[in-house]
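Trainee: Have a look at this prediction, sequence included:
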Amino acid sequence: MLFLVAALMLLGVALGAVAHAPLSFSLVAGAVIAVWLAVFTLRERQGRRRGTPAR
């Protein structure tokens with residue numbers, strides 16, 4: 001339960017910071033995070049197909 005409260009508080013801080021940033025900065029930051037997550041997902045899937053252990 002404490003973990004959930006901490007996660008919600010961090011989410012609130014992040015959303016508050018984004019609310020004060022310019023829209024263009026928020027969109028660019030969101031795009032960078034999306035690309036990073038896509039690359040991470042592709043690397044994880046390829047690693048699992050090859051049978052290499054995760055590091």
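Mentor: Alright, I've got the coordinates.

Trainee: going forward, measure contacts and count neighbours with C-alpha atoms only.
Mentor: Will do.

Trainee: Next up, phi/psi of P22, please.
Mentor: P22 adopts backbone torsions of phi -60, psi 150, taken as degrees, to the nearest 10.

Trainee: Neighbours of it, how many?
Mentor: 9 (other CA atoms under 10 Å).

Trainee: Check E44 too.
Mentor: 13.

Trainee: same thing with A38?
Mentor: 12.

Trainee: where's it, which helix or strand?
Mentor: helix 23-50 (DSSP states H and E).

Trainee: Please apply the same query to A7.
Mentor: helix 2-20.

Trainee: could I have that helix exported to PDB, CA atoms only?
Mentor: Only the C-alpha atoms of helix 2-20 are listed here, as PDB (Å, rounded to 0.1, in the frame of the first residue of the first chain):
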ATOM      1  CA  LEU A   2       2.900   2.300   0.800                       C
ATOM      2  CA  PHE A   3       4.400   1.600  -2.600                       C
ATOM      3  CA  LEU A   4       1.200   2.600  -4.300                       C
ATOM      4  CA  VAL A   5       1.000   5.900  -2.400                       C
ATOM      5  CA  ALA A   6       4.700   6.700  -3.300                       C
ATOM      6  CA  ALA A   7       4.000   5.900  -6.900                       C
ATOM      7  CA  LEU A   8       1.000   8.100  -7.000                       C
ATOM      8  CA  MET A   9       2.900  11.000  -5.400                       C
ATOM      9  CA  LEU A  10       5.800  10.600  -7.900                       C
ATOM     10  CA  LEU A  11       3.200  10.600 -10.800                       C
ATOM     11  CA  GLY A  12       1.700  13.800  -9.400                       C
ATOM     12  CA  VAL A  13       5.100  15.500  -9.200                       C
ATOM     13  CA  ALA A  14       5.900  14.400 -12.800                       C
ATOM     14  CA  LEU A  15       2.500  15.600 -14.100                       C
ATOM     15  CA  GLY A  16       2.900  18.900 -12.200                       C
ATOM     16  CA  ALA A  17       6.300  19.500 -13.900                       C
ATOM     17  CA  VAL A  18       4.900  18.700 -17.300                       C
ATOM     18  CA  ALA A  19       2.100  21.100 -16.700                       C
ATOM     19  CA  HIS A  20       4.500  24.000 -16.300                       C
END
